Structures are given as structure tokens and as C-alpha cells.
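Student: with the sequence up front, the predicted model follows.
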Amino acid sequence: MSTDLSVKEAFAAALQFIRTALKKYTLFVLHLSPHQNMLQGILLYMFVGWIVLSLPFMDNGEVSLIDNLFTAAAAASTSGLATVNFAESYTFLGKLVVLIIMQTAGIGYMTISSFLYLSFSHRLRHRHTEVLNTEFALPKTVRLQDFLRAVIIFTFLAELIGAGFLYNYFIRHDFTPFDATWYAVFHSVSAFCTAGFSLFPDSLVSFADSKTINIVISLLSLAGAMGFIVVTDLFNRIVGRTREISYTTKIIVLFTLVAILLSSFFILLTNPGLPPSAALFQATAAMTTAGFNTIPLSSLTVCSFLVLMLLMSIGGSPSGTGGGLKTTTVTCLLATVSSHLFGRKHITFLGRQIPLYRLYIANSTFIFYVFMLFVAMFLLTWVEDLPFLDLFFETVAALSTAGVSIGASEKMGILGKLIIIATMIIGRVGVITFGMALLKRDEDELEEEQEHIKREDLAV
């Protein structure tokens with residue numbers, strides 16, 4: 001009798017603790033800016049993932065705490081970088097935890113949690129809307145409600161279709177039904193979320209000749225990286241809600257395809273004998289920041305590394321699962337340069353004038369991206385005695401949340417790994433969001449400051 005009573009008391013105490021913790025967490029969230037909310041959300045499920053992955057039955061017993069933290073950060077940032085061989089170091093449960101983390105990170109934690117907060121106060125729903133607008137940069141032609149619906153539906157639909165094709169391939173190549181299902185689901189989610197984790201020790205090198213693997217993984221990565229804006233826009237056009245495709249979608253599709261094709265050409269040009277399919281796959285994996293590879297990266301030339309680093313830096317598109325600067329940001333930068341060189345009074349691209357505030361955001365993002373890249377490289381070259389190219393490639397991959405790696409992370413010490421972890425998280429939240437999270441200012445204080453600022457000319 002006393003035993004039953006003590007169990008009930010313990011259960012009641014646990015429930016009370018959870019209620020109190022959730023209440024305090026909710027109050028904590030309400031006092032954060034949207035940018036700080038983004039950062040704390042990603043840090044939260046990174047640390048939760050770290051704690052779970054550190055349990056004894058999650059790995060083979062040889063993975064250290066720092067390597068578990070690195071894996072959790074790589075999953076939370078969908079970067080896919082690794083300090084251990086993921087396929088051989090973690091048990092089924094450990095890999096399942098990573099799958100859950102990267103799926104959550106791919107969709108966006110605020111997208112998922114928004115459906116859980118519908119019963120809360122208007123104030124909290126308003127705060128959720130602010131953070132969602134921070135996490136997903138949307139053009140004015142896309143409504144937030146339509147966008148959220150498209151995110152959830154398209155994500156699981158794309159991953160389901162991708163898993164179906166992969167399952168059909170694996171079941172025909174001596175995989176058991178369970179293994180075929182597990183491998184299909186895991187790689188479909190990893191590809192769509194551009195996470196780069198693979199259940200095979202050599203990534204996808206063993207499937208270099210498989211048209212199914214190459215095509216399905218590439219299409220899933222493109223679908224995720226090109227972004228939910230494109231999906232929502234195309235859906236609205238198909239059902240008749242809009243009469244034409246938005247300017248943003250046209251830029252994303254055109255820029256992505258041209259960049260991948262040109263990069264594939266240069267990779268082929270600098271690597272004689274490389275199959276065109278391998279060059280196309282690697283360019284797609286870098287551009288989408290998916291991080292898979294079907295060829296040993298050590299076999300590529302330095303010129304190819306430069307091309308891959310450029311693609312990773314450009315990255316995916318806004319409101320997608322890819323990292324990097326984003327295709328639209330680079331488009332704004334190119335438009336600024338070309339308009340200045342041709343002497344145009346306004347910044348235009350493809351016959352359309354780009355709003356000044358978008359150019360302001362693009363230039364700020366680029367400058368801060370380069371600054372963060374320099375800081376990370378400075379710290380890494382200070383604490384690590386590794387070849388400069390290896391460190392530079394790994395840093396670009398981390399900041400762009402691309403899992404393409406030449407193995408530098410696993411050779412680093414604790415300090416080097418911590419620097420890469422921080423770089424991956426900054427890349428996931430976005431360099432501008434990270435900066436604004438650190439430099440939160442009161443709106444009244446900013447307005448008062450603006451009133452007393454004098455205008456001066458500056459020669460450039």
C-alpha cells in the first residue's frame with residue numbers, strides 16, 4: 001500500500017515539476033526577441049540531443065562526450081559534419097535520435113511548435129508569428145498560414161515519395177524489408193533536410209553507379225534547399241490562387257540550375273576522366289549543402305575544392321533546408337555590382353527593380369558572413385596544426401551547414417571541435433540572426449538614437 005502511494009506521489013511530483021518548468025520556459029520565451037528565440041530553440045534541442053546521445057546504449061562505447069556534442073550539433077544544424085564514423089559508431093537507437101533531430105531541424109522547430117501553442121494566449125501566438133517571420137524570410141506574395149501548411153505537407157510528402165523509390169532500390173539489392181525501410185526513410189529525410197548523414201561508412205561512394213540513388217538523393221536535396229517558398233508559390237499557381245510565378249521563385253530556380261550546371265562543367269574540366277554524373281551529383285550536394293558524396297573527395301583537384309567552397313557559400317534558398325548565404329542574397333549582390341558597372345540609377349535584375357531594404361539585408365549578410373568566416377578561421381589556425389586548405393574547407397562547410405568534408409574535423413582537438421560546433425550553429429540560425437540575437441536593442445532606445453544622428457558624406 002505504501003509502495004503504491006509513494007509511486008503516485010513521485011508521479012504527481014514529476015507532473016508538477018514538468019508543469020512548472022513549462023510555465024517558466026514559456027515566460028522565458030516571451031521575454032526574448034524573435035532572433036534570440038531562434039537561437040535558444042536550436043541550442044535547446046542540440047543539448048537535449050547531446051544528453052540523449054551520451055546514454056550508454058546510443059553508441060558502441062568509444063564515442064567521447066565532445067564527439068556526441070559534435071554529432072548533436074551537426075544534426076541540429078543539418079550540417080552532417082562528423083568527428084567519428086557515424087555509420088559504425090552509433091547503434092540503431094543513436095541513429096534514430098539523430099534522425100529525429102535532423103527532421104526537426106529541417107522543418108524548423110518553430111514550425112512544429114506553432115501547432116502545439118494554438119491553445120495559448122493571443123500574446124504567445126503573436127510572439128510565435130514574430131519568430132516564424134524571423135526563421136522564414138517570405139516575400140509579401142506568400143501568406144504565413146499558407147506557407148506553414150505547405151511546409152508540413154510538402155516535407156512529409158516529398159520524404160515519403162523519396163523513401164518509396166529508395167525502398168524499391170534497396171529491396172532489390174539484398175536488403176531485408178526492415179533494413180530497406182530503415183535505410184530508405186533515413187536517407188530520404190537526410191537528403192531533404194540537406195543533413196548529409198548516411199548509414200553507409202563511405203557516404204554514398206558505393207552507389208556511384210546507381211542512377212536511382214543519384215537521381216533520388218539529388219532531387220530530394222534540391223526540393224529541400226530550393227525552399228518552401230517555391231513550393232507554396234507553385235501550389236498557389238496550380239490551384240489558381242495566383243496568376244503567375246513570383247519573381248522570387250523565378251530567381252531561385254534560375255540561379256540554382258545555372259550555378260549547378262556551370263559548376264559541374266568546371267569540376268569536369270579540372271578532373272579529366274571524372275564521370276559527368278559524379279560531377280553533377282557533387283555540385284548539387286555542395287549547392288544544396290546536402291553533404292553527400294559519391295566519389296572520394298581526396299581524388300578531386302584543388303580547383304574543384306574552390307568550386308565546391310563557392311557553391312557551399314552560396315548555399316540554398318530562403319525558407320529552405322539548405323544553408324549558406326542563399327541564392328537570393330547572392331543575386332542581390334550581383335545586381336548591385338552589375339547595376340553600378342552599367343551606370344543604372346536603380347538596382348535591377350532581369351528587368352525588375354529590387355527594393356532597397358532587400359539590398360540592405362543582402363549586403364549586411366554577406367559582410368557578416370565573411371567576418372564570421374574570418375573569425376572562425378583565425379581561431380582554428382591558432383589552435384590547430386592542420387593544413388590551411390583543410391581548415392578552410394571545413395570552416396566553409398560548417399558555416400554553410402554543408403556536410404562535405406575532407407576529414408579535418410576528426411583530426412581536431414577539443415578546442416577545434418568546439419569552434420566548428422559554434423560555427424555550425426551560427427550557420428544554422430543565420431549570421432544576421434545570430435548577430436541580432438547578441439545585439440538586442442530596445443526599440444525606444446533605437447528611435448531616440450536615430451533622431452540625434454547627423455548625416456555626413458563619405459567618399460568611397
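Tutor: Cool, the structure landed.
Student: which helix or strand contains I406?
Tutor: Secondary structure from DSSP states H and E places I406 outside every helix and strand.
Student: for this protein, what spans make up the strands?
Tutor: Remark: strands assigned in the chain by DSSP state E are 348-349, 352-353.
Student: just those strands: most buried one?
Tutor: strand 348-349 (a mean of 16; mean count of other Cβ atoms under 10 Å). Any C-beta I mention is one placed from the backbone N, CA and C, and that applies to glycine too.
Student: list the helices and strands that one packs on?
Tutor: Using 3 or more Cβ pairs under 8 Å, 6 or more residues apart in numbering; DSSP states H and E, the elements in contact with strand 348-349 are helix 327-341.
Student: pull the residues that contact the helix it packs on.
Tutor: 248, 251-252, 255-256, 259, 314-318, 346-349, 354, 358-359, 361-363, 365-366 (Cβ atoms under 8 Å, 6 or more residues apart in numbering).
Student: buried residues, it. List them.
Tutor: Residues 327-333, 335-336, 339 are the ones in helix 327-341 that count as buried (16 or more other Cβ atoms under 10 Å).
Student: now that helix: average pLDDT?
Tutor: Across helix 327-341, pLDDT averages out at 90.
Student: can I get it in CSV, CA atoms only?
Tutor: Extracted C-alpha coordinates of helix 327-341, given in CSV (Å, rounded to 0.1, in the frame of the first residue of the first chain):
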residue,chain,number,x,y,z
THR,A,327,20.8,32.3,-53.8
THR,A,328,18.6,35.4,-53.5
THR,A,329,21.3,37.1,-51.4
VAL,A,330,23.9,36.5,-54.0
THR,A,331,21.5,37.6,-56.7
CYS,A,332,21.2,41.0,-54.8
LEU,A,333,24.9,41.3,-54.6
LEU,A,334,25.4,40.6,-58.3
ALA,A,335,22.6,43.0,-59.2
THR,A,336,24.3,45.7,-57.1
VAL,A,337,27.6,45.2,-58.9
SER,A,338,26.1,45.0,-62.4
SER,A,339,23.9,48.0,-62.0
HIS,A,340,26.8,50.1,-60.8
LEU,A,341,29.1,48.9,-63.6
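Student: chain center to that helix, what's the gap?
Tutor: The chain centroid and the centroid of helix 327-341 are separated by 23 Å, computed with Cα atoms, centre = their mean, to the nearest Å.
Student: ranges for the helices of the stretch 51-200 of the chain?
Tutor: Along the stretch 51-200 of the chain, counting by DSSP state H, counting those that start in this stretch, helices occupy 65-76, 86-89, 92-107, 109-114, 122-135, 144-171, 177-192.
Student: Q16 is nearest to which of the ones you listed?
Tutor: Among the helices of the stretch 51-200 of the chain, the nearest to Q16 by Cβ to Cβ is helix 122-135 (21.5 Å).
Student: re earlier: turn the buried residues of helix 327-341 into CSV, including distance to V383.
Tutor: Below are those laid out as CSV (distance: Cβ to Cβ, whole Å):
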residue, distance to V383
T327, 33
T328, 35
T329, 30
V330, 31
T331, 36
C332, 35
L333, 32
A335, 39
T336, 36
S339, 42
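Student: in terms of contact, does S198 touch N85 like I think?
Tutor: No: S198 is beyond contact range of N85, at 10.2 Å (criterion: Cβ atoms under 8 Å).
Student: compare those two (neighbour count), which wins?
Tutor: Under the neighbour definition other Cβ atoms under 10 Å, S198 and N85 were set side by side, and S198 has more, 25 against 12.
Student: could I get the phi/psi values of that one?
Tutor: Taking degrees, to the nearest 10, you get phi -130, psi 150 for the backbone angles of S198.
Student: next up, the contacts around it.
Tutor: 86-87, 187, 190, 204, 292.
Student: can you select the buried ones from those residues in PyMOL?
Tutor: Of the contacts of S198, the buried ones go into a single PyMOL selection, burial set by 16+ other Cβ under 10 Å:
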select buried, resi 86+187+190+204+292
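Student: identify, from the contacts of S198, the entry nearest to I42.
Tutor: The closest of those to I42 turns out to be S190 (Cβ to Cβ; 18.0 Å).
Student: how near is the nearest residue to I251 once chain neighbours are set aside to R358?
Tutor: Excluding the flanking residues, the one nearest I251 by Cβ to Cβ, 6 or more residues apart in numbering is T331, at 5.3 Å. Separation of T331 from R358 (Cβ to Cβ, to the nearest Å): 10 Å.
Student: re earlier: between the buried residues of helix 327-341, which is closest to F266?
Tutor: V330 (16.9 Å).
Student: picking that back up, mind putting the strands of the chain into JSON lines with mean pLDDT and distance to G94?
Tutor: Listed next are these as JSON lines, based on pLDDT from 0 to 100; distance: least, Cβ to Cβ, whole Å:
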{"stretch": "strand 348-349", "mean pLDDT": "86", "distance to G94": "46"}
{"stretch": "strand 352-353", "mean pLDDT": "86", "distance to G94": "49"}
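Student: roughly how far does the residue nearest to I251 sit from V375?
Tutor: Applying Cβ to Cβ, the value for T331 to V375 is 26 Å.
Student: how about K417?
Tutor: If you measure K417 against V375 using Cβ to Cβ, the figure is 16 Å.
Student: just for the stretch 351-460 of the chain, where's the confidence low?
Tutor: Along the stretch 351-460 of the chain, segments meeting pLDDT under 70 span 440-452, 455-460.
Student: can you pull out the helices in it?
Tutor: 356-383, 388-399, 414-429, 431-438, 443-451.
Student: tally of neighbours for S263?
Tutor: 23.
Student: sorry, back to before: wait, which of the helices of the stretch 351-460 of the chain is closest to G94?
Tutor: Between those, helix 414-429 lies closest to G94; by Cβ to Cβ that is 18.0 Å.
Student: wait, what's in contact with the residue nearest to T71 when sequence neighbours are not counted?
Tutor: Here the nearest residue to T71 in space, its sequence neighbours aside, is L53; by Cβ to Cβ, 6+ apart that works out to 6.1 Å. L53 is in contact with 59, 63, 68, 71-72, 90, 94, 97-98, counting by Cβ under 8 Å, 6+ apart.
Student: out of the residues you listed, which is most surrounded?
Tutor: Within those, neighbour counts (other Cβ under 10 Å) peak at T71, which reaches 30 neighbours.
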